[in-house]
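> I would like the atomic coordinates for the input below:
(one chain, ligands or ions: 1)
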Amino acid sequence: MHQANGSVLVKKLTASIGASVSGIDLKALSDDGLRCVRQAIAEHCILVFRGQFLAPEEQLAFAAAMGEVVLYEGLEAPKDLPAGVMRLRNDGRMEKITENWHSDGVYLENPADYAILAPHVLPAAGGDTMWSSLYQAYDGLSPGLKHLLGDLQCVCESNRLTKGYGLQQLFSATKPIVRKHPDTGRPYLFIGGTDAFVNFVNMTREESEPLIRYLYAQAYRPDIVYRHMWQPGDVVMWDNRCTLHYAVHDYGVEPREMHRIAVRARPAMA
Ligand code: SIN
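This next block holds a predicted model:
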């Protein structure tokens with residue numbers, strides 16, 4: 001736990017991932033407050049702010065303070081929300097495509113660096129979101145496997161999302177499986193999500209599968225996961241590069257609606 005700036009309190013939520021930030025009003029963020037948020041997100045990968053109750057425009061202003069708001073490529077924007085705010089609403093489980101471990105837009109050449117999520121309609125019980133640390137996933141591997149992964153690239157595609165979100169085109173990107181975070185210099189396992197992985201470059205799918213399955217199992221070990229129980233007024237921000245997330249659908253047919261904004265860190269911060 002540390003106290004920054006006199007009144008802002010950043011408190012770890014687990015030993016390896018996540019922190020709650022209190023004593024901060026995201027509607028009126030000072031330069032010191034912004035510095036504190038940037039420092040905390042680099043350190044903890046996901047930040048929880050309670051009691052914020054941000055309107056979509058206020059959520060967007062917070063996002064713009066953190067970097068450049070990214071418009072979702074290939075997706076039709078909701079007409080009743082400001083550009084950049086995406087509505088994630090599910091009516092029934094079959095339509096729910098965020099219920100798997102993933103990072104957003106991993107199939108794009110340049111996915112967003114941060115995401116900012118706020119609830120608008122919550123079920124009476126359940127509907128948590130989980131995040132895992134890809135730093136910890138990498139740190140836990142043996143030196144031999146780390147060495148092997150150093151040369152590997154993987155191919156990711158948007159095939160599942162093309163169906164679920166009505167994407168107009170299939171996106172595909174090839175990326176190194178190990179990356180260094182520009183802010184911290186720490187290596188992380190960049191494995192995107194179970195829905196997007198196709199194969200490792202120069203390897204068949206059959207050869208790729210046992211290895212990627214092993215890496216996924218490391219990437220969401222329970223001891224490197226933070227599970228968030230949503231309350232009205234919450235805002236959660238995460239680093240989309242060094243985390244995976246999973247929206248748990250355990251609330252039957254009740255509606256749940258979230259607003260998400262994607263952000264690209266400005267070069268000066270990256
Ligand atoms: C997401 O996958 O970005 C949304 C997570 C959630 O709805 O909890």
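> Now do the buried residues in stretch 188-203.
188-200, 203 (16 or more other CB atoms under 10 Å). From N, CA and C alone the C-beta is placed, and that goes for glycine too.
> wait, what's in contact with the residue nearest the centre of the chain?
Centroid-nearest residue in the chain: residue 240, 3.8 Å away (criterion: CA atoms, centre = their mean). Residue 240 is in contact with 103, 104, 105, 111, 112, 113, 114, 115, 262, counting by CB atoms under 8 Å, 6 or more residues apart in numbering.
> ok, 6 Å please
Neighbour list for residue 240: 103, 104, 112, 115 [criterion: CB atoms under 6 Å, 6 or more residues apart in numbering].
> so residue 87 makes contact with residue 79?
No. Assessed by CB atoms under 6 Å, residue 87 is found out of contact with residue 79, at 10.4 Å.
> more crowded one of those two?
residue 87 (14 against 5; other CB atoms under 10 Å).
> Apart from its neighbours in sequence, what residue is nearest that one?
Spatial nearest neighbour of residue 87, excluding adjacent residues (CB to CB, 6 or more residues apart in numbering): residue 78 at 4.8 Å.
> did I read that right, residue 212 in a helix?
Yes. Assigned with DSSP: H, G, I helix; E, B strand; the rest coil, residue 212 falls within a helix.
> Quick check: beta-bridge partners of the closest residue to it other than its chain neighbours?
What sits nearest to residue 212 in space, not counting adjacent residues and going by CB to CB, 6+ apart, is residue 197, at 5.5 Å. Beta-bridge partners for residue 197, by DSSP bridges, are residue 156.
> And the helices in the stretch 101-250 of the chain?
Applying DSSP state H, counting those that start in this stretch to the stretch 101-250 of the chain gives helices spanning 134-139, 143-149, 159-164, 205-219.
> Of those, flag the one that's most buried.
helix 134-139 (a mean of 23; mean count of other CB atoms under 10 Å).
> That one packs against which elements?
strand 187-189 (3 or more CB pairs under 6 Å, 6 or more residues apart in numbering; DSSP states H and E).
> contacting residues around the strand it packs on?
Here strand 187-189 makes contact (CB under 6 Å, 6+ apart) with 134, 135, 137, 138, 178, 180, 242.
> residues in contact with the second one?
Going back to what we said before, that points to residue 135. Contact analysis of residue 135 by CB under 6 Å, 6+ apart lists 186, 188, 242.
> now the fourth one
Contacts for residue 138 (CB under 6 Å, 6+ apart) come out as 187, 188, 189.
> Looking at the residue nearest to it when sequence neighbours are not counted now. What's its pLDDT?
Once flanking residues are discounted, residue 138 sits nearest to residue 189: 4.3 Å by CB to CB, 6+ apart. We have a pLDDT of 96 for residue 189.
> same question, the one 10 residues further on
The pLDDT attached to residue 199 in the predicted structure is 91.
> Once you drop chain neighbours, what's closest to residue 69?
residue 84 (4.1 Å).
> If we check the ligand, which of the contacts of residue 240 are in contact?
residue 104 (CB under 6 Å from any ligand atom).
> Redo the contacts of residue 240 as CSV? Include neighbour count and pLDDT.
CSV is the format used below for the contacts of residue 240 (neighbours: other CB atoms under 10 Å; pLDDT from 0 to 100):
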residue, neighbour count, pLDDT
103, 24, 91
104, 22, 87
112, 25, 94
115, 24, 97
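> Strands - which of the contacts of residue 240 land there?
Among the contacts of residue 240, DSSP state E puts residue 115 in strands.
> Write out the residues of the stretch 101-250 of the chain neighbouring the ligand.
Checking the stretch 101-250 of the chain against the ligand by CB under 6 Å from any ligand atom, the hits are 104, 117, 129, 245, 247.
> try it again with 8 Å
Proximity of the stretch 101-250 of the chain to the ligand (CB under 8 Å from any ligand atom) is limited to residues 102, 104, 115, 117, 127, 128, 129, 230, 245, 246, 247, 248.
> That concludes my questions; thank you for your assistance.
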